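K.L.:
Provided below for reference: sequence and predicted model.
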Amino acid sequence: MFHKCLSSCDSESEFEDVWKQDGSKTWIRKKEWFDRLFGLREKWSTTLSKDIFSAGILSSQRVEVTNRAISFKANRTTKLLEFFHIFEATVRRWRSTEKSDNFRCTIEKPKTTTKILKHAAEVYTLNLYKDFNLEFDTSLGAYAKEKPTSMQYVKLFDVSLDEDYKHTYKVIYHCQNNEFMCSFMCFTEIELLCFHILKIMQM
């Protein structure tokens, strides 16, 4: 239950439903602790922090990810000169990796005839392109329906992977400035267009 609340809920209402589901003795026995945890939910649940860019990394993973990326071999007993040499070698390794990645991206451009995927191949790295391509493929199988609205120059859509629209996300399209907003907030969180927006773009 906690793991689902931590990172698997898609909306605030789903988070609250999952949180209330567990009526076990453990919950009652530790009610004060759970109430405190619920009060701090915006600090630990990814569902409630989608409006903040995080590159999809949980706060609990950030130290591990940083250590893995840096793979720094210094510790608190390292002398200053030693530290300088370690730091210099680390920066050289970063630059070398970046150069080889950039070169790989220029020679290994994905082959596609779809205009939006061609553009994605030009602006994204190979890894990001793969993620974008997955969202694009998912959008092809998604369902979308327009909803009535009184707002001028604004269109509202429900997008779902289910034909019966059991589980939907709201997409808002501002016609005048050609902007899209989605309740999933994937672009805000990791700067990658979600399949919900891509579906409406295709329409």
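P.N.:
That came through fine.

K.L.:
ok, now which ones touch K199?
P.N.:
Applying CB atoms under 8 Å, 6 or more residues apart in numbering to K199 gives the contacts 139, 142, 144, 159, 171. The C-beta positions use only the backbone N, C-alpha and C, and glycine is treated the same way.

K.L.:
which of these sits closest to A120?
P.N.:
Taking CB to CB as the measure, A120 lies nearest S139 of the contacts of K199, at 12.6 Å.

K.L.:
hang on, the closest one packs against Q202?
P.N.:
Yes - the pair S139 and Q202 passes the contact test of CB atoms under 8 Å, sitting 6.5 Å apart.

K.L.:
comparing the two, which shows the higher neighbour count?
P.N.:
More neighbours surround S139 than the other of S139 and Q202, with 23 against 12 (other CB atoms under 10 Å).

K.L.:
for the more buried one, give me the pLDDT.
P.N.:
If you check S139, the pLDDT there is 96.

K.L.:
check contacts around it.
P.N.:
S139 neighbours (CB under 8 Å, 6+ apart): 195-196, 198-199, 202.

K.L.:
so is it in a helix, a strand, or just coil?
P.N.:
Per DSSP: H, G, I helix; E, B strand; the rest coil, the secondary structure class of S139 is helix.

K.L.:
gap between it and S96?
P.N.:
Plainly put, S139 is 37 Å away from S96 if you go by CB to CB, to the nearest Å.

K.L.:
before we move on, what about M151?
P.N.:
52 Å.

K.L.:
repeat that for T138.
P.N.:
Computed as CB to CB, the T138 to S96 distance reads 35 Å.

K.L.:
these two - which one has more neighbours?
P.N.:
Taking other CB under 10 Å, T138 and S96 do not tie; T138 has more neighbours (15 against 10).

K.L.:
next one: phi and psi at the residue lying closest to the more buried one once chain neighbours are set aside?
P.N.:
Computed as CB to CB, 6 or more residues apart in numbering, the closest residue to T138 that is not its neighbour in sequence is F195, at 4.0 Å. F195 adopts backbone torsions of phi -70, psi -20, taken as degrees, to the nearest 10.
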